[in-house]
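J.: Predicted model and sequence below, questions to follow.
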Amino acid sequence: MSDSRNSKATICVEGNIGCGKTTMLEMFQEQVPYGVEVLTEPVSKWQNVRGHNTLGLMYEDPARWSFAFQSYLQLTMLQNHTCPTKQPLKLMERSLFSARHVFVENLYRSNKMSDAEYAIINEWFDWIFVNLNLNVDQIIYLRTSPQKCYERIKKRCRNEENCIPLEYLQQIHDLHEEWLIEGSKLNPNSNIIVVDADQSLEQMEEIYFKDDAKILNYDHLIKVQS
């Protein structure tokens, strides 16, 4: 994270489907002692692209719709990355990085995205990474077992998620581990905070507010506000 007192920070909250990202963001938005802007995943945009539910289409037939969906997802996540904020801290639900390193990678490895489609997505991602400032200062990884995610998904009953099998959640978990745990060992400068998110909502609230300064790393942001 930057040492400049005039800088603003962006923290991305990453993790599997059903790991508790939205709940965490809502908690911090209400409780942190300084200005924070929360940007959740733009699910409503994915569900209505000029009348088309691209999220639903992707889950129903990923081999047919994964490229179209990931192309639009990349646009909407880029909008979140570049969205200006007057607050000293921007908390984002997921990022372009998890889109590329987890979800696109899974589609490709499971043969639901062709070689040509994978190459095009990567060309776009590489161009964005080189030419635009994505400004991610820290990643919070809500590390959750696939079984726990599966249980939570069943409880919240979102229409598009009814068809998600446990096997898929295992694949997404493995790719998060490959990216954020194994990858961080290769890059010791990675600013990644790992949170055990298998626990109950009450336990997670206690963890968040007991260790909020460590999780958000906001000491210099408090100084900005003073």
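T.: Happy to help now that I have it.

J.: what about the residue sitting nearest the centre point of the chain, distance to residue 206?
T.: The centroid of the chain falls nearest to residue 94 when counting by Cα atoms, centre = their mean (1.4 Å). Using Cβ to Cβ, to the nearest Å, residue 94 is found at 24 Å from residue 206. (Each C-beta comes from the backbone N, C-alpha and C, glycine too.)

J.: going on from the biggest helix by length in the chain, what's the next piece of helix or strand?
T.: Longest helix of the chain, by residue count under DSSP state H: helix 62-82. Using DSSP states H and E, the helix or strand that follows helix 62-82 towards the C-terminus is strand 89-93.

J.: now the following helix or strand past that following strand: mean pLDDT?
T.: Next in sequence after strand 89-93, counting helices and strands by DSSP H and E, comes helix 96-98. On average, the pLDDT along helix 96-98 is 95.

J.: Against which helices or strands is helix 96-98 packed?
T.: Using 3 or more Cβ pairs under 8 Å, 6 or more residues apart in numbering; DSSP states H and E, the elements in contact with helix 96-98 are strand 9-14, helix 62-82, helix 115-131.

J.: quick one: low-confidence parts of the chain?
T.: Applying pLDDT under 70 to the chain flags the ranges 1-7, 30-34, 160, 185-189, 211-215, 217-226.

J.: just the strands in it please.
T.: In the chain, the strands defined using DSSP state E lie at 9-14, 36-39, 89-93, 138-143, 192-196.

J.: could you dump those strands to JSON lines with distance to residue 71 and mean neighbour count?
T.: JSON lines is the format used below for these (distance: least, Cβ to Cβ, whole Å; neighbours: other Cβ atoms under 10 Å):
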{"stretch": "strand 9-14", "distance to residue 71": "20", "mean neighbour count": "24"}
{"stretch": "strand 36-39", "distance to residue 71": "20", "mean neighbour count": "19"}
{"stretch": "strand 89-93", "distance to residue 71": "20", "mean neighbour count": "23"}
{"stretch": "strand 138-143", "distance to residue 71": "24", "mean neighbour count": "22"}
{"stretch": "strand 192-196", "distance to residue 71": "27", "mean neighbour count": "16"}
